[in-house]
Structures are given as C-alpha cells and as structure tokens.
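Q: turn this into a structure:
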Amino acid sequence: MEFIQRSDAKLRKFILKGSDIQAHSRDSPHELGRACSTKPTWAGYSRRKRPVSCPVTTSIRRLACAFILLCSGQHGWAEFGLSDGDTLAFLGDSITAARGYTKIVEHYTLMRFPERKVRFVNAGQGGDTASGCLDRLDRDVFAQGATVVTVVFGVNDIGWGMKADAEHKRRYLDGIREIIERCRAHLVRPIICSSAITAEPPEKAEVGFLQTMTDKGLTLASSLGAETIDLQRGMREIQRRIVEANSRETDAKKQTRLHVEDGVHLNDLGQLAMAYAMLKGLGAPEEVSTATIDGMSGKVTETAGCTISDKELVDARAIV
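A: Next up, the predicted model:
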C-alpha cells in the first residue's frame, strides 16, 4: 500500500479537475476498503462563521481514488468485471511482470469488494509477445485456475517500433486470435487490451503504428465475442494533462513523467495510470462510498456503500 499512498496525490493533480471532495477519511486503507466507519474532517468550516447546517460528504480516497473518481461510465457496483470466485490472470510482458498496475488492481478489488473471493495471478514475462505467449498459456494461465485473463501485448510485437511492418502486425493479430480461441476452449474469459502507451507525444501516438495495430486487435477480439479495454487511450487521457502541465514548467527536472528513461517501461506513476485505465475498463464504480451527515445535529441523512457505526457532536460539529 505504500506505493499507492505515495503516488496518487501526484496523479490526482492531473486527473481530478473540479472533483468535489469535501471531507478526507483518516482511516487506514484496509479499513477504508472494508467500507466501515470513516472519520471526516469538518467540511465548510470557517474561522469567521460556521454554517447553520452543513452536510458532510465522506468519500474514500486512499485506495485508487485518483483514477476511480474520473470514471465516466454509469456502472453499478454489481457490474464490476470481477465476480466472487474469479481468478484473474494478468498476461503480458515486462510491464505486467513488474507487478505495478497488477497490484493496484488487486488491492482495489480486494478492498473495495471484500466480500468477493477473487484470486490474482501475474503471468507477465519480459520480452513476450502475443504469439510468443502461446507456448506458456497452459502453464501460466490455465493451470493456475484462471477464469478471467487480461491480455496486454504490442510493444515487443513490433520490436519497440523497429519491426513495425505488416508481417509483425499479422503475427500479433494471429496471436490474439489463438489466445481467444484457446481461452474459449478452457472456459476462460479473455479481455483483450491495447498496450501501455510509450513516451511518444500523444497526438503522434494516437495515429501511430502501435495504436492502429492494437485497434485492429481490439476489433478482432470484439468480432470473436471477447471483451476489450483500450488502455492506450485511457492512459493518453492522463498523458495529455501531464504534457499540458509540463509546458508551464521550464525546469526539465521538475517535469512529471510516466516512463523511465527508455520511454517504454513505466515508472510508478505510469503504472498507476495504467491501473486507472484497466479499472475503468473493468467497470470500477465511480462512487466508492458516501455518507451525508447534518453538521449541527449529527444525524446521518443518507449512506451508500458504508456504515456509520458511531458519531458524536463536538463543539457543534459532527465527528464520525
């Protein structure tokens, strides 16, 4: 959990424009994930004048808040893509093997839905491709009891851009097709994803070979009945805001990055952005948990996804 607590504030600067966070929970992430009692600070309090009545909206922020509050879909809580009893295998290359975005997705799921028994398997392998992974599907995915598998390839398939040609695109698409067919034979639900973004300027990358190739992969997957998540465009949404912010910072050392020096592998912030895009694609609920409390009377007027177990009035303020 150290990683999320360290990174989310920085990312939130770019993707939470205008979000209405009135109170901050002080509980540990584990307690927050269980949606139990939270301890909001006083919202709307003024040194000069206290409002007569102030409903306090409590929002759980510690775990994955930076990406969940931006979700645009109207998904209900029951529609999240992982169900009780699922085992999710993350199939991919070195970005997956780094266990960055995968751990965030795991932590979010286990804390946000503690009643669901969901297992996670990291099936990432450095340098792998959509066609290369076929030799290890049985060992790393099916033998692990996976019921769901996210598939993230693309960068190595075209040799980091050095093999961006029709032949390597064909191999990528053939690999995606066989992954889906073999998953279907093993009753495993495949979710085909576009690859993580590179450090290439977003407007150029939007029409680049990697995006267009993985777009064809997403189209192919949809035609075969598989689910898809466009991680590239989800991450690029954040990347554009970072580029905009960096344009106002003349000191290159103070500019924000999503990648390490090679421009392909992700730093901690990049892994967080990738987790955001994946959770959004999985239908993570926009609203995690809220409670409305009358600030003068301390009466709980509304709750959703949480339980207020204890409260008291202190100096005319509701403390939960």
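Q: okay, CA-based contacts and neighbour counts for the rest of this
A: Noted.
Q: the closest residue to Trp160 other than its chain neighbours: neighbour count?
A: For Trp160, ignoring the flanking residues on the chain, the nearest one in space by C-alpha to C-alpha, 6 or more residues apart in numbering is Val264 at 7.9 Å. A total of 17 residues lie near Val264 under the criterion other C-alpha atoms under 10 Å.
Q: Val243 versus Val264, what's the distance?
A: Distance of Val264 to Val243, computed by C-alpha to C-alpha, to the nearest Å: 16 Å.
Q: so where is the protein shaky, pLDDT-wise?
A: Applying pLDDT under 70 to the chain flags the ranges 1-78, 311-320.
Q: helices of that one, residue ranges please.
A: Ranges of helices in the chain, per DSSP state H, are 2-15, 29-33, 65-68, 94-97, 101-112, 137-140, 166-185, 202-206, 209-223, 231-246, 268-281.
Q: hmm, back to that, quick one, phi psi at the residue nearest to Trp160?
A: Val264 adopts backbone torsions of phi -120, psi -50, taken as degrees, to the nearest 10.
Q: who touches it in this structure?
A: Going by C-alpha atoms under 8 Å, 6 or more residues apart in numbering, Val264 touches 160, 197-199.
Q: identify, from the residues you listed, the entry nearest to Val105.
A: Ile197 (18.0 Å; C-alpha to C-alpha).
Q: which non-adjacent residue is nearest the closest one?
A: Spatially, and ignoring its direct neighbours in sequence, Ile197 is nearest to Gln232 (5.2 Å; C-alpha to C-alpha, 6+ apart).
Q: list the contacts for that neighbour?
A: Taking C-alpha under 8 Å, 6+ apart, we find Gln232 in contact with 194-197, 211.
Q: how about a markdown table for these, with distance to Met278 and neighbour count added?
A: Formatted as a markdown table, the contacts of Gln232 follow (distance: C-alpha to C-alpha, whole Å; neighbours: other C-alpha atoms under 10 Å):
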| residue | distance to Met278 | neighbour count |
| --- | --- | --- |
| Ser194 | 10 | 26 |
| Ser195 | 11 | 25 |
| Ala196 | 10 | 29 |
| Ile197 | 13 | 29 |
| Gln211 | 16 | 21 |
